[in-house]
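> For reference, the sequence and a predicted model appear below.
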Amino acid sequence: MSRLVVVSNRVTVPKKAGDAPAGGLAVALQAALEERGGIWMGWSGNSSGEREPEKLDIREHGNITYALTDLTDTDVEEYYHGFANRVLWPICHYRLDLAEYGRKEMAGYFRVNRFFAHKLAPLLKEDDIIWVHDYHLIPLASELRQMGFKNKIGFFLHIPWPPADVLFAMPVHEQIMRGLSQYDLVGFHTDFDLDNFGGGLVREGIGERLEGGNKFSTYGRTFKGGAYPISIETEAFSKYAVKASRNTMVKKAKESIEGRDLIIGVDRLDYSKGITQRIDAFEQFVRLNPAYQNKVTYLQVTPKSRSEVPEYEQMQRTVAEQAGRVNGALGQVDWTPIRYVNRSVPRPLLAGLYRLAKIGLVTPLRDGMNLVAKEYVAAQDPEDPGVLVLSRFAGAARELTGALLVNPYDIEGTAHAIARGLSMSLDERKQRWEKMMNHLLEYDINRWCDDFLKDLTAD
Ligand SMILES: O=P(O)(O)OC[C@H]1O[C@H](O[C@H]2O[C@H](CO)[C@@H](O)[C@H](O)[C@H]2O)[C@H](O)[C@@H](O)[C@@H]1O
Ligand SMILES: O=c1ccn([C@@H]2O[C@H](COP(=O)(O)OP(=O)(O)O)[C@@H](O)[C@H]2O)c(=O)[nH]1
């Protein structure tokens, strides 16, 4: 079996050998790396100031070598905050209005990808299988090919892929498409993303879609494409949730809601997550259903994210003000309708809170997958499951058809779904939940990892 080399912008290094990593993706990648032996390379998250970072920070854990590099301040600004998060992120989330194109940032993005390739090259063996993750590193294969590497290289995109008219508004779309063509397999979360990719190639006349849609030919290369919906460690997460119900913090949370129904939202503070529309929908729900006054608590957990990017910094204020305004307008001396937590909550604690909540409110305007939706389902009590209210624009909606699917732009529609969820019969809740849970047990994170690697390594 060939060795596996994973490259991603962020790397999860276990604190000490045997420690459980933070999330399902890290669990699955670490298991695959452990089995085959391998390397996980990426950014350390630290800056080296203006000094060019020299040596990789190499850490060995069992069968896995973690190889971390710092980046200069300029690199972080141009590559990560600049092109990745101010061009590719908004474009791939259909937000043409938020994309800020700058030549400096574009150049920085390609320069950092070249830098990654040069740092990785000395570590590579001829028959290594290389798996590159996410929009930060699209040109990496192209850089490696130029250096003469003929290894199998796969790419998985964790965010949506937009339709042609959105993508081609981006000035460097041609280099980005050319970059993707250098992989042997390009994976997306859903068939919709895959279709957008194929549709764009054909529409622009730069390529063809072959063999029932899972092969592409462009820029002189033929490569595979596919939909691989990422998932969670379903069984383990479900066990966390049972255990977490005994956690002191979860018990305190339960006491503090004093028998009210709990609605939960959990998202990084990101404009793609539809948080402001969701708060509007909650307000609308209470106004349309006065019987629920003082009978519900909406807990919104929202850790800060990418605060150096202006749109994110601005959101920080907008959401805090909005939650305050709604609490002021609807609240009573003994009732605070919205509890807004603007920091990260550990995943095991989240598992207990999900289980406590009657409604999981997951309403992004656009999302690659949304693992919170899957975690909410996995955390439920089979005898009394809650209801998932899910945006039709999350990748997860392609699979979680037992959810109440909503259009997050339709505030009143979401408000009605909350009301419907809270009054749903136990029979219907069980039926919907079982359908989703059975799916998640079969299609868990290991299945995602195995399916991708099987297709990448097949001839
Ligand atoms: O690394 P950050 O800039 O702090 O951002 C965190 C991660 O956000 C994105 O997550 C996406 O991947 C999830 C798993 O596949 C998916 O469920 C979700 O819909 C996506 O938004 C980003 O793609 C990651 O690279 C970031 O690390
Ligand atoms: O306070 C928090 C908020 C979120 N998460 C985790 O962060 C991940 C978010 O993944 P998702 O796919 O929903 O969105 P992303 O942030 O990757 O866009 C999930 O595993 C959450 O459990 C967490 O551990 N603590």
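Yep, it's here. As the structure is a computational prediction, the values presented were derived from the model and not from experiment. Ligands and ions are numbered 1, 2, ... in the order given.
> how's the protein carved up into domains?
Domain assignment for the chain, taken from automatic domain parsing, gives 4-231+445-457, 234-441.
> With mean neighbour count and mean pLDDT as added columns, please give the ones you listed in TSV.
Placement of C-beta: from N, CA and C, glycine included. Below are the domains of the chain laid out as TSV (neighbours: other CB atoms under 10 Å; pLDDT from 0 to 100):
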stretch	mean neighbour count	mean pLDDT
domain 4-231+445-457	18	94
domain 234-441	19	97
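> Make TSV out of those and add distance to ligand 2.
Formatted as TSV, the domains of the chain follow (distance: least, CB to the nearest ligand atom, whole Å):
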stretch	distance to ligand 2
domain 4-231+445-457	5
domain 234-441	3
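> Check which helix or strand Glu60 maps to.
Assigned by DSSP states H and E, Glu60 belongs to strand 57-61.
> Paired strands for that strand, with orientation please.
Using DSSP bridges, the strands paired with strand 57-61 are strand 64-71 (antiparallel).
> close to ligand 1, is the partner strand?
No: using CB under 6 Å from any ligand atom, strand 64-71 never reaches ligand 1; the gap is at least 13.4 Å.
> What's the first helix or strand after that strand?
Using DSSP H and E, the first helix or strand after strand 64-71 is helix 73-75.
> residues in contact with the following helix or strand past that next one?
Sequence order places helix 89-92 as the next helix or strand after helix 73-75, per DSSP H and E. Residues outside helix 89-92 that contact it (CB atoms under 8 Å, 6 or more residues apart in numbering) are 96-99, 135, 157, 159-162, 166-167, 169-170, 272.
> What of stretch 327-347?
Outside stretch 327-347, the residues that touch it by CB under 8 Å, 6+ apart are 22-23, 240, 266, 269, 279, 282-283, 286-287, 293-294, 296-304, 316, 319-320, 323, 326, 353, 375.
> With stretch 138-145 instead?
Contacts for stretch 138-145 (CB under 8 Å, 6+ apart): 7, 88, 109-110, 113-114, 116-118, 120-121, 130, 132, 151, 153, 155, 175-176, 178-180, 182-183.
> Show the overlap between the residues you listed and what lies near ligand 1.
Counting by CB under 6 Å from any ligand atom, no member of these reaches ligand 1.
> Which residues does the strand or helix carrying Gly42 contact?
Per DSSP H and E: Gly42 is located in strand 38-47. Strand 38-47 is contacted by residues 3-11, 29-30, 32-33, 56-57, 63-73, 76, 80, 116, 119-120, 123 when judged by CB under 8 Å, 6+ apart.
> residues contacting Tyr271?
By CB under 8 Å, 6+ apart, the contact list for Tyr271 reads 93, 95, 98, 311-312, 315, 365.
> check contacts around Lys215.
Counting by CB under 8 Å, 6+ apart, the residues that Lys215 touches are 209, 222-225.
> Mind doing that once more with 6 Å?
Taking CB atoms under 6 Å, 6 or more residues apart in numbering, we find Lys215 in contact with Lys224.
> Over to the one 10 residues further on?
With contacts defined as CB under 6 Å, 6+ apart, the neighbours of Gly225 are 186, 194, 214, 216.
> Tell me the secondary structure at the first one.
Okay, so that is Val186. strand (DSSP: H, G, I helix; E, B strand; the rest coil).
> Can you give me the distance of it to ligand 1?
15 Å (CB to the nearest ligand atom, to the nearest Å).
> Touching, that residue and Phe155? I think so.
Yes: between Val186 and Phe155 a contact is recorded at 5.1 Å, counting by CB atoms under 6 Å.
> Which positions in this protein make contact with ligand 1?
Near ligand 1, when you scan the chain using CB under 6 Å from any ligand atom, you find 9-10, 25, 134, 158-159, 230, 305-306, 367-371.
> Max pairwise distance over those residues: which two?
Using CB to CB, the residues of the chain next to ligand 1 reach their maximum pairwise distance at Ile230 and Arg306, which is 20.5 Å.
> Just want the residue of the stretch 101-250 of the chain that's nearest ligand 1.
His158 (3.4 Å; CB to the nearest ligand atom).
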